[in-house]
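[1] Below are the sequence and a predicted model for it; my questions follow.
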Amino acid sequence: MKSIRLATLSVLLLAAFTARAESLVVNGSLNGSIANNDVPTGWTVLAGTPDTMDTTSNVGVSGWLSFGVAPTASPDGGTWVGLGAKSDYIESIGQTLSGLSVGQTYTVSWQAANFGVNNSIDSYLGSNAIGVMLDGASIGQGATLGLSSNWATQSLTFVATSASQLLSFSLANTNKAYLGIDGISVTAGGVTPAVPEPSSWLLMAMGVAALGAMRRRQG
């Protein structure tokens, strides 16, 4: 019986560490097949012709190595989505988040990189940032990125106003650029997914105290 209680407390401790790390995003890793004018399962093209790619392809065309700088795999791995913009054109992707709690603060995080596009048809080599929208209204943008082979981790917070809201991404302005996005997550709380909230810390402390008390009684 004591071993069952210990196991139960261990499960509670594990839940405290992981509960806040569960993302509401479907396929936030953006894993899918290389494609031009298409996005991975779980996502919808909202504007323009975004593409699914990896380090061996650009603009969704297999083998077309036309990056502005040498690309690297994102920390999330696999494929990512490329978003472009210029003066009269912008690309956007999104998905509807479900199960939100009205009034709750959430953190949306992602990986971004600016490898650009440079080919005989056109070149997108400018600086830009990833803009984030909720139900079509901007909630902010990540840092502006110039051409680089590096990925950057970025995040914003928002307060849910409905149980279901449309989350979307596009470039923040019409500077001629082409950025990659990957590793998207939305988690409850105004902190990064890896850091438990105070309520989680309290649950963990209570669990540790209970485990200690049980071990003392056993001794």
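    Cool, the structure landed.
[2] give me the low-pLDDT residue ranges for the protein?
    1-21, 191-219 (pLDDT under 70).
[3] strand partners of the helix or strand hosting Gly131, parallel vs antiparallel please.
    Gly131 belongs to strand 130-134 when elements are defined using DSSP states H and E. Strand 130-134 has its sheet partners listed here by DSSP bridges as strand 137-141 (antiparallel), strand 165-171 (antiparallel).
[4] Spatially nearest residue to the residue most central in space within the chain (excluding sequence neighbours)?
    Using CA atoms, centre = their mean, the residue of the chain that lies closest to the mean C-alpha position is Ile184, 1.2 Å off. Of all residues not flanking Ile184 in the chain, Gly28 sits nearest, at 4.1 Å (CB to CB, 6 or more residues apart in numbering). Every C-beta, even on glycine, is put in place using the N, C-alpha and C of the backbone.
[5] can you give me the end-to-end distance of stretch 135-145?
    25 Å (CA to CA, to the nearest Å).
[6] Going forward, the N-terminal residue is numbered 672.
    Got it, first residue is 672 now, which makes that one stretch 806-816.
[7] Just list what the biggest strand by length in the chain packs against, helices and strands only.
    Counting by DSSP state E, the longest strand found in the chain is strand 848-859. Where contact means 3 or more CB pairs under 8 Å, 6 or more residues apart in numbering; DSSP states H and E, strand 848-859 is packed against strand 751-757, strand 776-784, strand 836-842.
[8] Return it as CSV; C-alpha atoms alone will do.
    Extracted C-alpha coordinates of strand 848-859, given in CSV (Å, rounded to 0.1, in the frame of the first residue of the first chain):
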residue,chain,number,x,y,z
ALA,A,848,12.3,39.2,-47.1
TYR,A,849,11.8,35.5,-46.7
LEU,A,850,11.9,33.9,-43.2
GLY,A,851,11.5,30.4,-41.9
ILE,A,852,9.4,29.5,-38.9
ASP,A,853,9.4,26.3,-36.9
GLY,A,854,8.9,24.8,-33.4
ILE,A,855,5.6,26.7,-32.6
SER,A,856,4.0,26.2,-29.2
VAL,A,857,1.3,27.8,-27.1
THR,A,858,1.3,27.0,-23.4
ALA,A,859,-0.7,28.3,-20.5
